[in-house]
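Visitor: here is my input; please provide its structure:
(one chain, ligands or ions: 2)
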Amino acid sequence: MSISANDRANNRVDNRGETDYADKLQQMAALLREWSGPIVIVAHVDPDGDALGSSLALKRALEAMGKTVVLPMDPPRFLEFLLREDELSDPLDTLPEHCLLAVLDVADRSRIAGAPYDGAERVINLDHHGTNDRFGDVSCVEPSKAATAQMVKDLLDTMDISWSPDIATPCLTGILTDTGTLRFSNTTPDVLQTVADLIGYGVDYAELTDRLQWRHPDYYKLLGKVMSTVEFPLGGLVSMARLTEQMREEIGPSDDDSDDFVGLIRYAEGVQVAILLKERGGKTKLSVRSRAPVSAQAICLALGGGGHVVAAGATIEAGLEKARDEALKATRNELEKHGYTFEA
Ligand code: 5GP
Ligand code: MN
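Guide: Numbering: from 1, shown residues only. Ligands and ions are numbered 1, 2, ... in the order given. Here you go, the predicted model:
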């Protein structure tokens, strides 16, 4: 049964996290340590730096312990530099027998990509989204953590692994991409300590932060088209842009590295909510960012999606114009909750 937007808004969002974080990690560590069968790692659809970074760090650490690990994932082009050949596999139709499924950075089960959820002997769920519905045999959900990769760092420390640059680099990637390279409000002293540890394990920090900004030339062509659509509705409190299928066709067959476009329009002066609308086969995918206390999470929950308080997403089963209207309605509601008023 699916959860209604109301249920989710009222019951399912718990941004407080675990009271027994260390115990949860111990349970997970024990399960992973004793597991002799295959381990399949999956993350969320449209994987980002945290989805890939946390998964790859865990995979490499478990393999160094002699485990058999499969990671079915199709990452965005700009993150491919992190990978060695054959580290990722194609999507699995079924899970191998006696497998443990490790689900990382996935807010709800329906957003798992790469393998089915059913058929695992055990499931672990490690995540930092308050909207996570706490599925799995051992779930550890900690919204105070900036990235799932930060939780993987804690888990691997709990397992007392031997750190190498190979494991630390993807782990640090997850933290850097989910904190806007240590600029967002989730950059706590705890995060900086974790980053210091990871750099200490031999990551080439300057090289990594440089490479994370490299983009294919087509990225800039698409960015130009998307930026030409920017508008500032609701009295300039919102910045909004769109990425249409026609733009993609004009660029030609090319990967879409547009994940950070919404991050660029959030800095328009006076803006409280930034929204990127992406047209996808009759549906519209929304990426929403907000300035606290205005909640992108509340806006996206009202639209059937989820995420973090200030960075969230949803998919609306409608074309761009209708999706735009629905997104603006939900955004207006959220802004009104925070005392903003609009003329009728
Ligand atoms: P993005 O805008 O980068 O796609 O997503 C921002 C955050 O919201 C990410 O943490 C992502 O996992 C989450 N998110 C994006 N779309 C959805 C959605 O449709 N449902 C849920 N539950 N979370 C989403
Ligand atoms: Mn994340």
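
Visitor: CA atoms of the host helix or strand of Glu321 as CSV?
Guide: Following DSSP states H and E, one finds Glu321 within helix 320-337. In CSV, the C-alpha atoms belonging to helix 320-337 read as follows (Å, rounded to 0.1, in the frame of the first residue of the first chain):
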residue,chain,number,x,y,z
LEU,A,320,5.5,20.7,-17.7
GLU,A,321,2.8,23.3,-17.5
LYS,A,322,0.5,21.4,-15.1
ALA,A,323,3.5,20.4,-13.0
ARG,A,324,4.6,24.0,-12.8
ASP,A,325,1.2,25.0,-11.5
GLU,A,326,1.1,22.2,-8.9
ALA,A,327,4.7,23.0,-7.8
LEU,A,328,3.9,26.7,-7.4
LYS,A,329,0.7,25.9,-5.5
ALA,A,330,2.6,23.7,-3.0
THR,A,331,5.4,26.2,-2.7
ARG,A,332,2.9,29.0,-2.1
ASN,A,333,1.3,27.0,0.7
GLU,A,334,4.7,26.4,2.3
LEU,A,335,5.7,30.1,2.0
GLU,A,336,2.4,31.1,3.6
LYS,A,337,3.1,28.9,6.5
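
Visitor: report the buried residues of that helix.
Guide: 320, 323-324, 326-328, 330-332, 334-335 (16 or more other CB atoms under 10 Å). For glycine as for every other residue, the C-beta is placed from the backbone atoms N, C-alpha and C.

Visitor: the residues you listed also near ligand 1: which ones?
Guide: Contacts with ligand 1 are made by none of these, judged by CB under 6 Å from any ligand atom.

Visitor: kindly reformat the residues you listed as JSON lines containing pLDDT.
Guide: Putting the buried residues of helix 320-337 into JSON lines (pLDDT from 0 to 100) gives the following:
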{"residue": "Leu320", "pLDDT": "97"}
{"residue": "Ala323", "pLDDT": "98"}
{"residue": "Arg324", "pLDDT": "98"}
{"residue": "Glu326", "pLDDT": "98"}
{"residue": "Ala327", "pLDDT": "98"}
{"residue": "Leu328", "pLDDT": "98"}
{"residue": "Ala330", "pLDDT": "98"}
{"residue": "Thr331", "pLDDT": "98"}
{"residue": "Arg332", "pLDDT": "98"}
{"residue": "Glu334", "pLDDT": "98"}
{"residue": "Leu335", "pLDDT": "98"}
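
Visitor: returning to that earlier point: and the helix holding Glu321, what does it pack onto?
Guide: strand 238-243, strand 273-280, strand 283-290, helix 296-302, strand 311-316 (3 or more CB pairs under 8 Å, 6 or more residues apart in numbering; DSSP states H and E).

Visitor: tell me which of the ones you listed is the most buried.
Guide: Across the helices and strands packed on helix 320-337, averaging neighbours per residue (mean count of other CB atoms under 10 Å) puts helix 296-302 on top, at a mean of 26.

Visitor: which element is encountered next along the chain beyond the worst-scoring helix or strand of the chain on mean pLDDT?
Guide: Across the helices and strands of the chain, mean pLDDT, DSSP states H and E gives its lowest value to helix 5-7, namely a mean of 49. Per DSSP H and E, the first helix or strand lying C-terminal to helix 5-7 is helix 21-34.

Visitor: so the following helix or strand past that next one, near ligand 1 or not?
Guide: Downstream of helix 21-34, the next assigned helix or strand under DSSP H and E is strand 39-44. Yes - Strand 39-44 reaches ligand 1 (CB under 6 Å from any ligand atom) through His44.
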